[in-house]
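Enquirer: Please find the sequence and the predicted model below.
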Amino acid sequence: MRHGRASGRATGTGLSALRQVLLTSGLAATLALVCASGALAAGKPVNIGTPFDADQPAVAVDSAGNAVIAWANTKDLSPVTTNIVQYCVMPVNATACAQSGSLVPADGGQYIDGVQVLAEGGTLVILADVYGTQGSSSEDYIPEQEWQSTDGGNTWLDVNNGISVGSGIINADTEPLNAVIVPGTNTLGFGWNTADGPPTFDAFPLSTPPECSVQTCPSSPYATLEPDTNPDVIGNAGGNVASQGAAHPGVLAIYNTDDTNGPLGCSGSGTSSFGTAYAYASGGQAPGNSYDVSPGSAGSAWRVAASQADCSVEYPVVGGGVSGFGVLEDNLKTNTTVYHPFDQTHENFDTPMALVSSQFEEQPALSQDSVGDVYATFLNGGEGGTVSLAYSSDGGASWSGPASLASDASGGVGGLTSSVNASGQGWAAWTNNGSMYALPFDAQDTVAPAAVSGSGSSTGASVTLTITCETVPCTVTITITITGSGEGGALAMTARKRHHRTTTLGSGKFTLRTAGAKKLKIELNRAGKAFFRKHRRGRLNVSLIERSLGVKKLTSRTVTVKVHKHKH
């Protein structure tokens, strides 16, 4: 059951707490999977750690397809009585971490949240929002501590010996959102939001960053993304930031809102007032185009200060890449999951939404590969639903899936997140009952193989089979063969060596544009007609290559075909 919220949006991580959500007669069949990219398909989730208590994990996927997963262990078990950052490097095809370990915050930092992982070229970055430091210069270590690895996660360097590298702190109620790679050269960025205050964003160098802490920071420490004059400040009801490079570099931030009036207000009561706001910046980080300068000020990269995006939506997440920015969110009017592309030309959301799932979602994540294919993971149906994957090969206009990757029958999945690399190898990570899990995936996991019925009919000149495609449009290439000896085996054996070989009886190619079972007629070749002149019944191999939404799969099975010969 989906639960509404009577008293407005919860703040920070409290938002997700509201809805946790063989061969017979010489004729054979085989089920196989064809993967053009060679990426690892989803299998069984791997337990990569047992932190007992942990915040949402973060995951990045390097160019080799290895996942780098990090999280804040908040159990404070002896002898470590503070929060620590734990990490795991999972290679493709592995069933355990290749490297793992713990990172302890500098200056006795007691608490960690907002752990993030980024992969920038050959450098891996872990960022953690740290507070509760203990030394005489404690504020120099708040809020953002950073670790880097240049050897695939084998060793980690404590950047600046733990001195904070970035800040967007307005007051003690400021909460971290997430980190991104800022367009330009070797620049990172982090977003925050503040209770009863505007959201902020800070850009800082990847290499040798200067101190930027609550104690001291450069003259333009961060950008404030909403005017002080707004009557409905965004607050810290949660949000998300994404970046993209290539031909249309920029950063898009999305925030939850719950106002009934003002520039960000959505009319109505209850969930009707739930909505989103956005802020948008473009171009590469540069002195005259700075992501640290507030919108409306000279030299700012921010083109749009916090403005209304959608109403009657919730659980938004933003992603970016070659196909442009887009937001995955719940449509509260239809109780479905939708994808809303961002129009970078007009700098707004004047675009149609695309249906992703007929159910609502929770705990969403979005990412793109190097050609702009979009991957979305989420709990389909919320708490107790399934860890699901949806995929779009056309920039978010149409979607394959959602396909179930793992069960959440107990309702214990928390902090679900994911990422893909340039080639489309993806990894998801989440917590459940005190353990941390990781699971690889790729696009082909979203397309169910086309189904072939176990029986068919023939006129002697053709064979009619029943084929079902769940994901449409799909193009299917059907090939009918026999192999070896047995029924009709003389057609499938050599004259001298009499060893098994495969003979093709017929083939055909069809495009199905609507879902459901379809009867398809495959014309027989000379060998096929010869077979059915001798046999009124046959068990045949049917191989079906399906191409749907850019994904290719092969299904094969044995089909019994009954011959209805023409009467003359």
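Expert: Ah, there it is. Since the model is a prediction, treat every value here as computed from it, not as a measurement.
Enquirer: who does the strand or helix carrying R557 touch, helix- and strand-wise?
Expert: R557 is located in strand 551-563, with elements delineated by DSSP states H and E. Under the contact criterion of 3 or more C-beta pairs under 8 Å, 6 or more residues apart in numbering; DSSP states H and E, the helices and strands touching strand 551-563 comprise strand 31-32, strand 451-458, strand 537-548. Backbone N, C-alpha and C define where each C-beta goes, glycine included.
Enquirer: G122 and S388, how far apart?
Expert: Applying C-beta to C-beta, to the nearest Å, the value for G122 to S388 is 32 Å.
Enquirer: so of the helices and strands packed on strand 551-563, which one's packed in deepest?
Expert: Burial among the helices and strands packed on strand 551-563, expressed as mean neighbours by mean count of other C-beta atoms under 10 Å, is greatest for strand 537-548, which shows a mean of 21.
Enquirer: Taking strand 551-563 as reference, get the angle to that strand.
Expert: Inter-element angle recorded for strand 537-548 and strand 551-563: 160 degrees (by axes from the mean of the first three to the mean of the last three C-alpha atoms, to 10 degrees).
Enquirer: Now do strand 537-548: which elements does it pack against?
Expert: The elements that strand 537-548 packs onto, with contact taken as 3+ C-beta pairs under 8 Å, 6+ apart, are strand 462-469, strand 474-483, strand 551-563.
Enquirer: returning to that earlier point: measure how far the strand holding R557 is from the centre of its chain, please.
Expert: The gap between where strand 551-563 is centred and where its chain is centred comes out at 32 Å by C-alpha atoms, centre = their mean, to the nearest Å.
Enquirer: Just the buried residues of that strand, please?
Expert: 551-559, 561, 563 (16 or more other C-beta atoms under 10 Å).
Enquirer: Name the strands paired with that strand and say parallel or antiparallel.
Expert: Taking DSSP bridges as the criterion, strand 551-563 forms sheet pairs with strand 31-32 (antiparallel), strand 451-458 (parallel), strand 537-548 (antiparallel).
Enquirer: Using PDB, write down the CA coordinates of it.
Expert: Backbone C-alpha positions of strand 551-563 (Å, rounded to 0.1, in the frame of the first residue of the first chain) are rendered in PDB as follows:
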ATOM      1  CA  VAL A 551      18.900  -4.900 -27.300                       C
ATOM      2  CA  LYS A 552      19.600  -8.300 -29.000                       C
ATOM      3  CA  LYS A 553      18.600 -11.700 -27.600                       C
ATOM      4  CA  LEU A 554      18.400 -15.200 -28.900                       C
ATOM      5  CA  THR A 555      15.800 -17.700 -27.900                       C
ATOM      6  CA  SER A 556      15.700 -21.300 -29.100                       C
ATOM      7  CA  ARG A 557      13.400 -24.200 -28.300                       C
ATOM      8  CA  THR A 558      12.000 -27.500 -29.700                       C
ATOM      9  CA  VAL A 559       8.600 -27.100 -31.300                       C
ATOM     10  CA  THR A 560       6.300 -29.900 -32.400                       C
ATOM     11  CA  VAL A 561       4.800 -29.100 -35.800                       C
ATOM     12  CA  LYS A 562       1.800 -31.000 -37.100                       C
ATOM     13  CA  VAL A 563       1.500 -31.200 -40.900                       C
END
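Enquirer: so where is this structure shaky, pLDDT-wise?
Expert: Filtered on pLDDT under 70, the chain yields the residue ranges 1-42, 484-500, 549, 565-568.
Enquirer: For it, which residue occupies the most central location?
Expert: A376 (3.5 Å; C-alpha atoms, centre = their mean).
Enquirer: count of residues packed around the closest residue to that residue other than its chain neighbours?
Expert: Spatial nearest neighbour of A376, chain neighbours left out: A390 (4.6 Å); criterion: C-beta to C-beta, 6 or more residues apart in numbering. Residue neighbour count, defined by other C-beta atoms under 10 Å, stands at 24 for A390.
Enquirer: you'd agree A390 is up against S358?
Expert: No - counting by C-beta atoms under 8 Å, A390 sits too far from S358 to count as a contact (11.5 Å).
Enquirer: ok so, going back, just put the buried residues of strand 551-563 in JSON lines and tack on distance to V293.
Expert: As requested, the buried residues of strand 551-563 are arranged in JSON lines below (distance: C-beta to C-beta, whole Å):
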{"residue": "V551", "distance to V293": "43"}
{"residue": "K552", "distance to V293": "47"}
{"residue": "K553", "distance to V293": "49"}
{"residue": "L554", "distance to V293": "54"}
{"residue": "T555", "distance to V293": "56"}
{"residue": "S556", "distance to V293": "60"}
{"residue": "R557", "distance to V293": "62"}
{"residue": "T558", "distance to V293": "67"}
{"residue": "V559", "distance to V293": "67"}
{"residue": "V561", "distance to V293": "72"}
{"residue": "V563", "distance to V293": "78"}
